[in-house]
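A.B. asks: sequence first, predicted coordinates after that:
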Amino acid sequence: MIRTVLKEIIASNSMLPFAIRDEVVKQTMHIQELFPTPIIITHIDKALNQKTLAFIKSKEIKYVRNLGGNSISSDLYTLESDELNDIKKVLTDSVNEYFKKIIIPDEEVELYITNSWINVNKNGEAHHLHKHTNSMVSGVLYIDTCEGDTISFSNENSEVFGNLKFNDIPKTKWTVHEWDIPAINNRLIIFPSSLLHFVKPRPNTCTGSRISLSFNTWIKGDTWVAESRSR
Ligand SMILES: [Fe+2]
């Protein structure tokens, strides 16, 4: 239907829609990208990841069933265990590096980890679409995964220009409303907590369980902004 309408527009106005005839316009046109979403992908030391996996496997951790079929630890303060001090420090440093790279604050502020929990997906199990409320920045560390495991980020505004859908246009950063990032052992992904994400059903070709550790953060320090001062 939309293609038919476009063809009619093209037929009725030869200047539309795609060929720029004016040389000045053609040479000066550029796309200003606004409001991008910062997601950091990095890796932690392999030995530290192995240590974390050994801790998880050695403990009698209780899990509860989550929406989407996977399980999460009932303990929402996993990183408070003494055995995980090292990894907590690395994750705290990493999340603050991200925060300061993006925000570049004048004030003395920093993020600290609040909740932290373990996610387990067996083959075929998914993790429902969600965001992390009451958190600034979140992170997920992939501890034990297999080829084909991913995390998917989703744009709340799922339609092109907020209001258009096509069946067969190329996937670009302008047109996608969902993006998969491979979940690889030792990989740490840090993202705004308000960003929607989910996990597709785990491939049935995997062995064992997919294990990851997620965490949320909150801010501390001087958060008194100029606008507040003028109230
Ligand atoms: Fe999540």
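C.D. replies: Nice, thanks for sending it over.

A.B. asks: all contacts plus neighbour counts: C-alpha atoms, from now on.
C.D. replies: Will do.

A.B. asks: tell me where the model's unsure across the protein.
C.D. replies: Counting by pLDDT under 70, the chain shows low-confidence ranges at 1-17, 225-231.

A.B. asks: and the longest helix for it?
C.D. replies: When the chain is parsed with DSSP state H, its longest helix is helix 85-103.

A.B. asks: report the buried residues of that one.
C.D. replies: Ile87, Lys88, Leu91, Thr92, Ser94, Val95, Asn96, Tyr98, Phe99 (16 or more other C-alpha atoms under 10 Å).

A.B. asks: ignoring the adjacent residues along the chain, who's closest to the residue positioned nearest the centre of the chain?
C.D. replies: The residue lying closest to the centre of the chain (C-alpha atoms, centre = their mean) is Phe191, at 4.6 Å. Distances taken as C-alpha to C-alpha, 6 or more residues apart in numbering put Ile39 closest to Phe191, at 4.7 Å, once the chain neighbours are dropped.

A.B. asks: again with Gln50
C.D. replies: Ile143 (7.5 Å).

A.B. asks: show me the contact partners of the helix or strand encompassing Asp180.
C.D. replies: Taking DSSP states H and E as the definition, Asp180 sits inside strand 178-182. Contacts of strand 178-182 with the rest of the structure, by C-alpha atoms under 8 Å, 6 or more residues apart in numbering, involve Gly148, Asp149, Thr150, Ile151, Ser152, Phe153, Ser154, Asn155.

A.B. asks: reformat those as CSV; add secondary structure.
C.D. replies: Putting these into CSV (DSSP: H, G, I helix; E, B strand; the rest coil) gives the following:
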residue, secondary structure
Gly148, coil
Asp149, coil
Thr150, strand
Ile151, strand
Ser152, strand
Phe153, strand
Ser154, strand
Asn155, coil
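
A.B. asks: out of the residues you listed, which are buried?
C.D. replies: Buried subset of those (neighbour count, 16+ other C-alpha under 10 Å): Asp149, Thr150, Ile151, Ser152, Phe153, Ser154.

A.B. asks: can you tell me which residues contact the second one?
C.D. replies: This points to Thr150. By C-alpha under 8 Å, 6+ apart, Thr150 lies in contact with Asp180, Ile181, Pro182, Ala183, Val199, Lys200.

A.B. asks: can you do 7 Å?
C.D. replies: Asp180, Ile181, Pro182, Ala183, Val199 (C-alpha atoms under 7 Å, 6 or more residues apart in numbering).

A.B. asks: for the first one, same thing?
C.D. replies: Neighbouring residues of Asp149 by C-alpha under 7 Å, 6+ apart: Pro182, Ala183, Arg202.

A.B. asks: can you name every helix or strand that the longest helix of the chain contacts?
C.D. replies: Counting contacts by 3 or more C-alpha pairs under 7 Å, 6 or more residues apart in numbering; DSSP states H and E, helix 85-103 packs against strand 109-121.

A.B. asks: give me the distance from the helix or strand following the strand it packs on to the chain's centre.
C.D. replies: Sequence-wise, the next helix or strand downstream of strand 109-121 (DSSP H and E) is strand 127-130. In terms of C-alpha atoms, centre = their mean, to the nearest Å, the centre of strand 127-130 is found 12 Å from the chain centre.
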